[in-house]
Structures are given as structure tokens and as C-alpha cells.
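Enquirer: heads up, no residue letters with this:
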């Protein structure tokens, strides 16, 4: 790798590239996307760094609003449901298949709901900004069209610290919490017939519960 390429791979250089892209308005900011704009910034940045063979210490995240790397590209159709002259519903297709829908529920020009579809056209994932502050508060995951798990931000702070799991009948089966906000689960709640029956806690921070407390009826 040439010396100038090494300089490009330097984290500070990469940051300067990203800042330039954001300055030009090409990157989704805080999970919010303004209507009618095709966003190429993230792809441009990643493409430049990967073409140079740059190593990265962070896993490349799937394109999602909550990751700030979502692009609205390809075959995009728009609708204006409240007829105010501004788009509030976007459908993104790849060929004949719908891959994503975006909806502006309160008609402020910013997306509040992102719906992602699998290869069969079934809803696979949904992101929602409940308090319209630009941060994703709920992520719902679907399996076979049924709710499988749901990730939540407590207090609308944008940090998804709670994960709820559901059985095949849609009943709550387990809740995992990151109580100390260190990025790791430290509390487990187990449910039966939609009632909490046991709680587990990770005391030694090894990622698994050490102490269980039974819930008395």
C-alpha cells in the first residue's frame, strides 16, 4: 500500500471524509431521512476505504435507520397522502420486489416508520421513532410474518437496551435488559402464560445469569 493510501486509511482521514459527506447532506442523520433525497454518502465512504484495502475494527452494520447508514436508492415511488405537496410515503423496490417502505405519520417531512421486507415480500423488520425526535425507539423483528422479538429504548433516549422475545403464539416468553447501559445483557425475565415467573441476574459480568429469583404468585 502506498504512503498516500495509508494516510487515507488513517481513522482521522476517514473521519474527515465522513464529515465532508455529512456537510454536503448525503448521510442520514440520527436515523431521520428527508423526503425525495437519494443518499449515497455512506456507500461512497465505504467504497473509498474498501478499495484501498483499509482494515476496520468495527463490523460493517446492515443498512438501517438506527445505524445512520440507510440509503434511499434504486426504484423509489412516492405518495402524498394528506395532499400538502410533500411526500409522506416512500416504497423502495429492487426489480419487482418491495424491499422497504418509509412513512411520515405526522406529516412533518421526516420518516417515522421504516418497514423492511424479506425476499418473499413478507414483513421482516420494522423501526419506529415514537416521539419523533429522530431516534429509533422500537425495532420489531418478524419471523414468518409473526412478531418474534422486539427491541426497545427506555425513556426514548435512542439506546435500545431491552429485548422482548415472543413464542410462536405471540405470547411474551423472555425479556433481556441492559440495566447498567454497558452494552451487555445483565438481567433476564422469564414468562409463562404472559406472567413473569423468574428473574435472572448477571453478578460477575460474564454474560450469563448467576442468580435466579422466583416470582411468587
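Expert: That came through, no problem. Here the structure is a predicted model, which means the values were calculated and not measured.
Enquirer: For the closest residue to residue 122 other than its chain neighbours, give me the pLDDT.
Expert: Beyond its immediate neighbours in the sequence, the residue positioned closest to residue 122 (CB to CB, 6 or more residues apart in numbering) is residue 145, lying 4.9 Å away. All C-beta atoms are positioned from the backbone trio N, CA, C, and that covers glycine. According to the prediction, residue 145 has pLDDT 90.
Enquirer: And residue 126, by the same measure?
Expert: The pLDDT attached to residue 126 in the predicted structure is 98.
Enquirer: Would you map the helices across the protein?
Expert: Across the chain, reading from the start of the chain, the helices by DSSP state H fall at 3-9, 11-23, 41-51.
Enquirer: that older thread, so how far is residue 115 from the residue nearest to residue 122?
Expert: In this view, residue 145 and residue 115 are 12 Å apart by CB to CB, to the nearest Å.
Enquirer: in this protein, which ranges drop under the pLDDT threshold?
Expert: 1-59, 217 (pLDDT under 70).
Enquirer: Quick one: the strands in it, in order.
Expert: In the chain, the segments counted as strands under DSSP state E are 75-79, 89-94, 97-103, 113-117, 123-128, 138-143, 146-153, 160-166, 172-177, 187-192, 195-201, 211-214.
Enquirer: Of those strands, flag the one that's most buried.
Expert: The highest average neighbour count among the strands of the chain, using mean count of other CB atoms under 10 Å, belongs to strand 113-117 at a mean of 20.
Enquirer: Cool, thanks, signing off.
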